[in-house]
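Trainee: no sequence on this one, just coordinates:
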DNA sequence: TAAATCTAACGCCAAAAAGTGTGAACTTGT
DNA sequence: ACAAGTTCACACTTTTTGGCGTTAGATTTA
């Protein structure tokens, strides 16, 4: 239903009800849900698509996008992690995909500011979990702010895995200030830094520069990335790993 | 079933199965659960009660004990909190009871290292939630250690609510080192400190002293506390609030 | 090795939860 | 003021979850 609203840009309640063969009441309920997730905007009589810039940073959307690619990248990244070492990662959905596989490389020390990952890893035996505190941001379901940056700076981990919303030939980018600060702190506190981004992030920019690509030791992309984009990164002497996407 | 094991001290699988009229398989499953919660110990053929000192500090046990008293105390403590102010609390079940009522005094800034409270408060509108990071301890479901102490020391809140496992005439006590350090840091960073303990904690001691009672501005106990115990605290010039227990 | 005990896998049943529609009451805009 | 739109409360259906027992295979103990 979200997709339908996206395509049309703006739709009326009754139209949606007929399209999906459900009652108007159900449309209301579902739309309320999508609105609370920041995916659409409701107005009297219908709903319209949310400006892409705002919902692209939205958790509900991000979780459903490029899942196959993220899964592939996650499997590859996990292969880079040594059992017994320590890993820090940020509040990206790509990192969450990595977290789901971390039980395979125990024992492990895991550090993150992402609440969903904390929920996921808390009960896992063999994982020593360190949470990065800070102010809770519902839109990201993570802890950010000065407190978080301080907490990151007080640590050092063997591997840092971060993802950013855009990557050009020279820099990684993100649209939000608070997140940028945390990612930067993470990069500074990792012995080895991994940038994990799916192909939709390549050759794009966003408001803030997070760091030059030199700050990363390995860049992991999925196999749907254009060969020439990969080549361009390699020409700049970056190590680029390509994770094979299996699912459709 | 836990109670049965406690009473008997040690019971065989088949005996438990017959007593409760269930299959041996079910006994196994339930006992595995109790064991993972630290309530009992399993051995081949049966199970035995866990030493009381270890399970009294266990979350699963603590959550079921003195719920009516904790509820009463929580209601009282919430009454002490001003909307718009900031509150910090620790990983005690008493504090959790307080957390359940915090939605009533929004807007509010809440700081805690207790994961269950974080889960509970994260979706609540009107509450600005700050998490204290640190190493995750499954037995307490909270974040402790140096990182947590550092995080606490970097903050200051209007009200600090802590609970301890034992309170004598002069001091508050707790049996675990890591928790003691965090509680002490919290006491140092609160403008006003509240000690919230149910009557079973009074006139008892535990391994470590957390702080002298002078460190607390208000001591809240439930109405089942012996009058003479309350009087003794008041004789020492402590402010003692008594929360009326309503339920049986 | 044999008996006893434990674990894993599957299927069944009941309880809980989620989703849906209806009609009434309430809001909003013209 | 009226009509369209929205929300609420309730009942109903479907789906999901949780608990339990049976069987079969693995593990342990004597």
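Mentor: It's in. Just so it is clear, the model here is predicted, and its values are computed rather than measured.
Trainee: which secondary element of chain A has the worst mean pLDDT?
Mentor: Using mean pLDDT, DSSP states H and E, helix A:52-55 stands out as the lowest-scoring helix or strand of chain A, at a mean of 62.
Trainee: How about the residue positioned nearest the centre of chain A: what's its closest non-neighbour residue?
Mentor: In chain A, the residue lying closest to the centroid (CA atoms, centre = their mean) is residue A:92, at 2.7 Å. The shortest distance from residue A:92 to any non-neighbouring residue, by CB to CB, 6 or more residues apart in numbering or on different chains, is to residue A:163 (3.7 Å). (Each C-beta comes from the backbone N, C-alpha and C, glycine too.)
Trainee: Count the neighbours of the one you found for me.
Mentor: 29 (other CB atoms under 10 Å in any protein chain shown).
Trainee: Quick check: it touching residue A:95?
Mentor: Yes. Judged on CB atoms under 8 Å, residue A:163 makes contact with residue A:95 at a distance of 6.0 Å.
Trainee: Check the contact lists of the two and give me the overlap.
Mentor: Common contacts of residue A:163 and residue A:95, defined by CB atoms under 8 Å, 6 or more residues apart in numbering or on different chains, comprise residue A:196.
Trainee: related to what we said a few turns ago, touching, the residue nearest to the centre of chain A and residue A:162? I think so.
Mentor: Yes. Using CB under 8 Å, residue A:92 is in contact with residue A:162, at 6.9 Å.
Trainee: Enumerate the residues of chain A near DNA strand D.
Mentor: With CB under 7 Å from any atom of the strand as the criterion, chain A meets DNA strand D at residues A:12, A:13, A:14, A:24, A:25, A:28, A:32, A:42, A:43, A:44, A:45, A:46.
Trainee: at 6 Å instead, please
Mentor: A:13, A:24, A:25, A:28, A:44, A:45 (CB under 6 Å from any atom of the strand).
Trainee: out of these, who has the most neighbours?
Mentor: Busiest of these [other CB under 10 Å] is residue A:13, holding 17 neighbours.
Trainee: For residue A:42, see how far away that one is.
Mentor: According to CB to CB, to the nearest Å, residue A:13 stands 9 Å off from residue A:42.
Trainee: Mutual contacts of the two, please.
Mentor: Counting by CB under 8 Å, 6+ apart, the residues touching both residue A:13 and residue A:42 are residue A:31.
Trainee: which stretches of chain A have low pLDDT?
Mentor: A:51-64, A:247-248 (pLDDT under 70).
Trainee: Roughly how far does the residue nearest to residue A:92 sit from DNA strand D?
Mentor: Note on residue A:163: its distance to DNA strand D, by CB to the nearest atom of the strand, to the nearest Å, is 28 Å.
Trainee: what sits against that residue?
Mentor: A:90, A:92, A:93, A:94, A:95, A:195, A:196, A:197, A:201.
Trainee: Please apply the same query to residue A:187.
Mentor: A:160, A:162, A:193, A:210, A:211, A:215, A:216.
Trainee: do that again at 10 Å, thanks
Mentor: Residues near residue A:187 by CB atoms under 10 Å, 6 or more residues apart in numbering or on different chains: A:88, A:90, A:152, A:160, A:162, A:172, A:193, A:195, A:210, A:211, A:215, A:216.
Trainee: In CSV, list these along with neighbour count.
Mentor: Listed next are these as CSV, based on neighbours: other CB atoms under 10 Å in any protein chain shown:
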residue, neighbour count
A:88, 27
A:90, 29
A:152, 28
A:160, 28
A:162, 29
A:172, 28
A:193, 22
A:195, 27
A:210, 26
A:211, 21
A:215, 18
A:216, 24
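Trainee: All the helices of chain A, residue numbers only.
Mentor: Applying DSSP state H to chain A gives helices spanning A:2-8, A:13-20, A:24-36, A:52-55, A:59-64, A:67-80, A:93-101, A:115-121, A:146-153, A:177-188, A:227-235.
Trainee: Mind checking the ones you listed for the one nearest to residue B:68?
Mentor: Closest to residue B:68 of the helices of chain A, according to CB to CB: helix A:115-121, at 29.5 Å.
Trainee: Where does chain A get nearest to chain B, residue-wise?
Mentor: Closest to chain B within chain A is residue A:133: 3.3 Å, counting by CB to the nearest CB.
Trainee: Apart from its neighbours in sequence, what residue is nearest that residue?
Mentor: residue B:133 (3.3 Å).
Trainee: dump the residue contacts of the one you found.
Mentor: Shown in contact with residue B:133 (CB under 10 Å, 6+ apart): A:111-113, A:118, A:130-134, A:143, A:147-148, A:150-152, A:154-155, B:113, B:143, B:145, B:147-148, B:150-151.
Trainee: mind redoing it with 6 Å?
Mentor: A:131, A:132, A:133, A:151, B:143, B:147, B:151 (CB atoms under 6 Å, 6 or more residues apart in numbering or on different chains).
Trainee: what's the answer for residue A:110, then?
Mentor: A:87, A:121, A:127, A:129.
Trainee: wait, residue A:234 sits on residue A:242?
Mentor: No. At 10.4 Å, residue A:234 does not count as touching residue A:242 under the criterion of CB atoms under 6 Å.
Trainee: Would you check how far apart the spatially closest residue to residue A:129 that is not a sequence neighbour and DNA strand C are?
Mentor: The shortest distance from residue A:129 to any non-neighbouring residue, by CB to CB, 6+ apart, is to residue B:136 (3.9 Å). Distance, residue B:136 to DNA strand C, using CB to the nearest atom of the strand: 25 Å.
Trainee: and what of residue A:149?
Mentor: 35 Å.
Trainee: re earlier: with the contacts of residue A:187 in mind, which one is nearest to residue B:80?
Mentor: Of the contacts of residue A:187, the one sitting nearest to residue B:80 (CB to CB) turns out to be residue A:152, at 34.5 Å.
Trainee: and that closest one, what does it touch?
Mentor: A:132, A:185, A:186, A:189.
Trainee: The residue nearest to it when sequence neighbours are not counted and residue A:142, how far apart?
Mentor: Distances taken as CB to CB, 6+ apart put residue A:185 closest to residue A:152, at 4.0 Å, once the chain neighbours are dropped. Distance check for residue A:185 against residue A:142: by CB to CB, it reads 14 Å.
Trainee: can I assume residue A:219 is in contact with residue A:241?
Mentor: No. Using CB under 6 Å, residue A:219 is not in contact with residue A:241, being 7.1 Å away.
Trainee: hmm, back to that, from the residues of chain A next to DNA strand D, which two are the most distant?
Mentor: Most distant of the residues of chain A next to DNA strand D, by CB to CB, are A:25 and A:44, 16.0 Å apart.
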